[in-house]
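> Fold the following and give me the result.
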Amino acid sequence: MAADASGTAPASAASASLSASDAPAALVLGSTSPGRASVLKAAGIAFSQQGSHMDEDAVVAAAAAEAQARLTPAAQAQLLAEAKAADVAQTLRSNPTGSRLVLGCDSVFEFEGVAYGKPHTPQAARERWLSQRGREGVLHSGHCLIDLQTGKKATECVSSTVRFASVTDEELEAYIATGEPLPCAGAFTVDGRAAALIDGIEGDFHAVVGLSPAALRRMLNQLGLPLTLVWPR
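Next up is the predicted model:
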């Protein structure tokens, strides 16, 4: 449509000419994790990010008390993924953004039947690596996708085996000194410096990073939605 005499297109034309990128992404990632964001970007998925503010320890403790038993590592990862998705979904219902889906994720590392989250301190990271080097564990990545329009949700926990190299004491101390393992479940991140310290993965590499695009597609299918819904518009 041509501009009017002032050289400015009418308001209706301006609205119609908004590019697809101006529309809100259909998917909100309920996490501020750079790793999870990088997986979605690499997979060509459009999204925005919004972190949750739920108390993870309180959620796990309440669930364990209700079940009168300790949660398995996989159950814990899935529980927290669903809690995070629900928390962000509630916020978006109060303050709508135009997005339709919320994806919550959580990762828990299992070693010798024990669940491990983030070590937070160099000493804790050192103790874990001294135990797990030359051995293997399982990284559980819980996923929960909520459709804000219908309230329905789909879930999936993806478990992958991680084989650690027999790193030397010098390599271990150098790795810990970078600070990379402190905020990571299992005290490692396969998409960072620890990639050189891991001999192999059996399962979904992306899920070990923290989010599985394949699981996202399957959850969309469960909700009767196409994968193209989360592609750039």
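
> Which stretches in the protein count as helices?
11-16, 34-42, 56-67, 73-94, 122-132, 169-177, 205-209, 213-222 (DSSP state H).

> Ok, which of these comes nearest residue 157?
Nearest to residue 157 among these is helix 73-94 (4.5 Å), distances taken as C-beta to C-beta. All C-beta atoms are positioned from the backbone trio N, CA, C, and that covers glycine.

> Give me the angle between the closest one and helix 56-67.
Using axes from the mean of the first three to the mean of the last three C-alpha atoms, to 10 degrees, the direction of helix 73-94 lies 120 degrees away from that of helix 56-67.

> Against which helices or strands is helix 73-94 packed?
Judged by 3 or more C-beta pairs under 8 Å, 6 or more residues apart in numbering; DSSP states H and E, helix 73-94 is in contact with helix 56-67, strand 101-111, strand 114-116, strand 136-147, strand 153-164.

> Out of the ones you listed, which gets nearest to residue 45?
Nearest of the helices and strands packed on helix 73-94 (C-beta to C-beta): strand 101-111, 9.6 Å.

> can you give me the angle the closest one makes with helix 73-94?
Here the directions of strand 101-111 and helix 73-94 differ by 160 degrees (the same axes, to 10 degrees).

> Mind putting the helices and strands packed on helix 73-94 into CSV with distance to residue 75 and mean neighbour count?
Listed next are these as CSV, based on distance: least, C-beta to C-beta, whole Å; neighbours: other C-beta atoms under 10 Å:
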stretch, distance to residue 75, mean neighbour count
helix 56-67, 8, 13
strand 101-111, 9, 26
strand 114-116, 9, 17
strand 136-147, 9, 24
strand 153-164, 8, 19
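
> Tell me which residue is most central in the protein.
In the chain, the centroid-proximal residue (C-alpha atoms, centre = their mean) is residue 105; its distance is 4.0 Å.

> where does the chain dip in pLDDT?
The chain contains residues with pLDDT under 70 at 1-22.

> Quickly note the distance from residue 204 to residue 38.
According to C-beta to C-beta, to the nearest Å, residue 204 stands 15 Å off from residue 38.

> Give me the more crowded residue out of those two.
Taking neighbours as other C-beta atoms under 10 Å, residue 204 and residue 38 compare with residue 204 leading, 18 against 15.
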